[in-house]
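>>> dropping a prediction and its sequence here:
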Amino acid sequence: MNSNMSRSVTDTILNFIAGSYREGGDGKTFVNVNPATGREIGTVHEASEADVADAVAAAKAALNGPWGSMTTAERLKLISAVATEIERRSDDFLEAEVADTGKPRHIASHIDIPRGAANFRMFADVVATMPTESFNTPTPDGGQAINYAVRKPKGVIAVICPWNFPLLLMTWKVGPALACGNTVVVKPSEETPRTATLLGEVMNAVGMPEGVFNVVHGFGAGSAGEYLTSHKDVDAITFTGETGTGQAIMQKAAVGVRDVSFELGGKNAAIVFADADLDKAIEGLSRSVFLNTGQVCLGTERVYVERPLYDEFVRRMARAAEAFRPGAIGDPAYLGPLISAEHRDKVLNYYAKAIEEGATVVVGGGIPKIDGEHADGFYIEPTLWTGLAHDSTVMREEIFGPCCGVIPFDTEDEVTALANDTAYGLCATVWTENVSRAHRVAATMRVGVCWVNCWFLRDLRTAFGGSGQSGIGREGGVHSLEFYTETANICLKL
Ligand SMILES: NC(=O)c1ccc[n+]([C@@H]2O[C@H](COP(=O)([O-])OP(=O)(O)OC[C@H]3O[C@@H](n4cnc5c(N)ncnc54)[C@H](O)[C@@H]3O)[C@@H](O)[C@H]2O)c1
Ligand SMILES: O=C/C=C/C=C(\O)C(=O)O
C-alpha cells in the first residue's frame, strides 16, 4: 500500500497541509495507543500554532484558486470521486480505524467506513439537486421585479472531531462543507488521528486542489484545537464533542462573530411500554446501550419500563449484557475497549458512584479479567443497574460507557416528564405497539431525534442535531446547506 502511513509498529502520523504531509513545526509529538492492547503503536506530530496558521492560509488561498473557480458540476465530480476512493481503500481505512479505537471490526466495516463514503456521496447529491427560491415581485410603479436566492460557500470551515466514530463524524462535516464549495481545516481527536490523516491521501489521489482539505493534529486548549478556533480567518466552526468543550469553543467563535454548528453530549432516554414487542426492544436497546462499548452519543443510558413489564425486561436485558465478551477479539460477541485508560477511569468512577447512590448491580460493574495480548486493553464490563433514583448523578450525567439504569413507571404522563427532565436533548427511543401512543409520545420528546421501535436508523437527508445542552443547529440533507452556505438574495428590476 503506497501510504504515507507506514505499517510499522511505530507508525508516523503527520499533519496534512496544502496537499503535503509534514511534521509539527515545534518538533512536538504525542503517542498513538491501541486501546485494545494498551500499547503504543504510533507517533503523532503535533501541529504548532504556525502550522495551524499555514493550514488556514492554505484553505483560504484555495477558495481563490482552482477550487473556487470550479463549476458546481466539476466540484461535485471530485466529491463523488472521494467517496469512490474511500470505498476502494476501505481496507486501509478499516485497519486505521480499528488500530485507533480497538472497536470490533464489524462495527468499523459496517458503520464507520461505509458512512465515510456515504457522507460525501449524499451531499454531492443534495447540492446537485437543491433548488433555491425566486419570486416575481410586483413593484410600486406597476412594473415587475424578480427576486432570486444564490447560495455561496461560507469560506474556511474549522472541523473539530471526537474519537468515537472518527471517520464517520469527520466526513459528516467535511462532506457537506466541500460539496458547498468551502475549504476545511480538520482537527481530529488526539485519540484517533489515523483516518483523517489517511483521507489526505485520498484527496491527493482524486486531484483535490491543495489547501481544500487540511489536517492538523493536537489537543484542545493551548494546542491545535484552540489555535484553530481562535484564528481570525476561520469563517465558521463545526464541532462534535462534549458539551463543556462546546462552551469553550463558542467563546472563541464569539470573537469575530463566527457561526457554529455543535453536536454535543446527551443522556438519552428509552421508554418501554408494557405493550412493547419485547424481543424488538431488547435487541434495539442492547445495541443502543452496548454498541461501540457505549461510546455513542446517541446511545441509551436511562431506560424507563412500564411496571408490568419491568421484571421481565430487566431479566432479558441482563442476559443481553452477559452475552458480550470484553476482549474476546474475533468472537462475534466481542465487546471492544473504551478509548483510553483515562476514559475507563471516568466510567469506573460512575460505576462506583452508582453503588454509593444505592444501585443494585444486576450485571457487571468492574474490569473483566483478560489474559494474553489484550490483558492491558482498556476493557470494562457491560453493566446494568436497578434501584437508582431518577435524579441520581448516574442517571443525569453522561457516562459514555456500556451501562444503563432501569427505572419503572406507571403512567404516560409520568414517563414523558421523566424522559424530558434533563438539560440535554439529543435523542430518545420509544417502544410500543400502540401507534397513536407512539406518535403522541415521540412528539412530546424534547430531542433532536426520536426513534420508535428502532435505534440509530439513519436517513442522511433528515435533520440531525440536539436541543438544549446537546447542540446548536441541525445538519443532514438540505439542513446542512443552512450552515455551510451563505444565502444572498438578488433583486432585479425588470
Ligand atoms: N451529538 C453528537 O452527534 C455527538 C457525536 C459523537 C460524540 N459526541 C460527544 O463527544 C463526546 C466524546 O468525544 P470527545 O471525548 O472526543 O469530546 P471532547 O469534547 O473531549 O473532544 C472533542 C474534540 O474537541 C477537541 N477539543 C477539546 N477541547 C478543545 C478546545 N478548548 N478548543 C478546541 N478544540 C478542543 C479535542 O481535541 C477533540 O478533537 C461525548 O460527550 C459525546 O456525547 C456527540
Ligand atoms: O456517537 C454519535 C454518533 C453520531 C452519529 C451521527 O452524527 C450520524 O449518524 O450522522
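Structure's in. What do you need? Ligands and ions are numbered 1, 2, ... in the order given.
>>> any buried residues in the helix or strand Gly284 falls within, and which?
Per DSSP states H and E, Gly284 falls inside helix 278-290. Using 16 or more other Cβ atoms under 10 Å as the test for burial, helix 278-290 gives 278, 281-282, 284-290. Where C-beta positions appear, they are placed from N, C-alpha and C, glycine not excepted.
>>> one more: stretch 439-459?
In stretch 439-459, counting by 16+ other Cβ under 10 Å, buried: 441-442, 444-453, 455-456.
>>> now tabulate those residues in CSV and tack on pLDDT, distance to ligand 1 and secondary structure.
Below are the buried residues of stretch 439-459 laid out as CSV (pLDDT from 0 to 100; distance: Cβ to the nearest ligand atom, whole Å; DSSP: H, G, I helix; E, B strand; the rest coil):
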residue, pLDDT, distance to ligand 1, secondary structure
Val441, 98, 22, helix
Ala442, 98, 19, helix
Thr444, 98, 21, helix
Met445, 98, 16, coil
Arg446, 98, 15, coil
Val447, 98, 11, coil
Gly448, 98, 8, coil
Val449, 98, 10, strand
Cys450, 98, 15, strand
Trp451, 98, 14, strand
Val452, 98, 20, strand
Asn453, 98, 22, coil
Trp455, 98, 14, coil
Phe456, 98, 11, coil
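>>> could I get the phi/psi values of Phe213?
Dihedral angles of Phe213 (phi, psi; degrees, to the nearest 10) stand at phi -130, psi 120.
>>> so it sits right up against Val174, yeah?
Yes: under the criterion of Cβ atoms under 8 Å, Phe213 makes contact with Val174 at 6.9 Å.
>>> in its sheet, which strands sit next to whichever helix or strand comes after the helix holding Gly284, and in what direction?
Toward the C-terminus, helix 278-290 is succeeded by strand 300-306 as the next helix or strand (DSSP H and E). Applying DSSP bridges to the sheet, strand 300-306 is found paired with strand 268-272 (parallel), strand 403-409 (parallel).
>>> next, the angle helix 278-290 makes with the first one.
Direction vectors for strand 268-272 and helix 278-290, defined by axes from the mean of the first three to the mean of the last three Cα atoms, to 10 degrees, enclose an angle of 170 degrees.
>>> let me know the average pLDDT across strand 268-272.
Mean pLDDT, computed over strand 268-272, is 99.
>>> ok, the residue in the chain positioned nearest to ligand 2 - contacts?
Proximity of the chain to ligand 2 (Cβ to the nearest ligand atom) peaks at Cys297, 3.4 Å away. By Cβ atoms under 8 Å, 6 or more residues apart in numbering, the contact list for Cys297 reads 162, 164, 240, 263-266, 426.
>>> spatially central residue in this structure, please.
Nearest residue to the geometric centre of the chain (Cα atoms, centre = their mean): Leu169, 4.0 Å.
>>> from Glu283, how far out is that one?
Note on Leu169: its distance to Glu283, by Cβ to Cβ, to the nearest Å, is 25 Å.
>>> before we move on, the earlier item: who touches the helix holding Gly284?
268, 270, 272, 296, 298-301, 303, 309, 312-313, 316-317, 320-321, 323-324, 335, 382, 402-404, 429, 431, 453-456.
>>> buried sites along the host helix or strand of Gln247?
For Gln247, the host element (DSSP H and E) is helix 243-254. Neighbour counts over helix 243-254 (16+ other Cβ under 10 Å) mark 243, 245-246, 248-250, 252-253 as buried.
>>> rewinding a little: check the secondary structure at the residue nearest to the centre of the chain for me.
Leu169 falls in the helix class when you classify it by DSSP: H, G, I helix; E, B strand; the rest coil.
>>> buried residues in the helix or strand containing Arg315, which are they?
Following DSSP H and E, one finds Arg315 within helix 307-322. Buried residues in helix 307-322, defined by neighbour count with 16+ other Cβ under 10 Å: 309-310, 313-314, 316-318, 320-321.
>>> mind putting the residues you listed into a markdown table with distance to ligand 2 and pLDDT?
Converted to a markdown table, those look like this (distance: Cβ to the nearest ligand atom, whole Å; pLDDT from 0 to 100):
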| residue | distance to ligand 2 | pLDDT |
| --- | --- | --- |
| Leu309 | 28 | 98 |
| Tyr310 | 28 | 98 |
| Phe313 | 25 | 98 |
| Val314 | 26 | 98 |
| Arg316 | 25 | 98 |
| Met317 | 21 | 98 |
| Ala318 | 25 | 98 |
| Ala320 | 20 | 98 |
| Ala321 | 20 | 98 |
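>>> up against ligand 1, what does the protein have?
160-164, 169, 187, 189-190, 219-221, 225-226, 229, 240-242, 245, 248-249, 263-266, 297, 398, 400, 426, 466, 471 (Cβ under 6 Å from any ligand atom).
>>> in PyMOL, how would I select just the buried ones from those?
The buried residues among the residues of the chain next to ligand 1 can be selected in PyMOL (16+ other Cβ under 10 Å) with this line:
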select buried, resi 160+161+162+163+164+169+187+189+190+220+225+226+229+240+241+242+245+248+249+263+264+265+266+297+398+400+426+466+471
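>>> keep only those of the residues of the chain next to ligand 1 that are in strands.
The strands, defined by DSSP state E, take in 160, 187, 240, 263, 471 from those.
>>> residue contacts, the last one?
Listed by Cβ under 8 Å, 6+ apart, the contact partners of Gly471 are 246, 262-264, 426, 448, 465.
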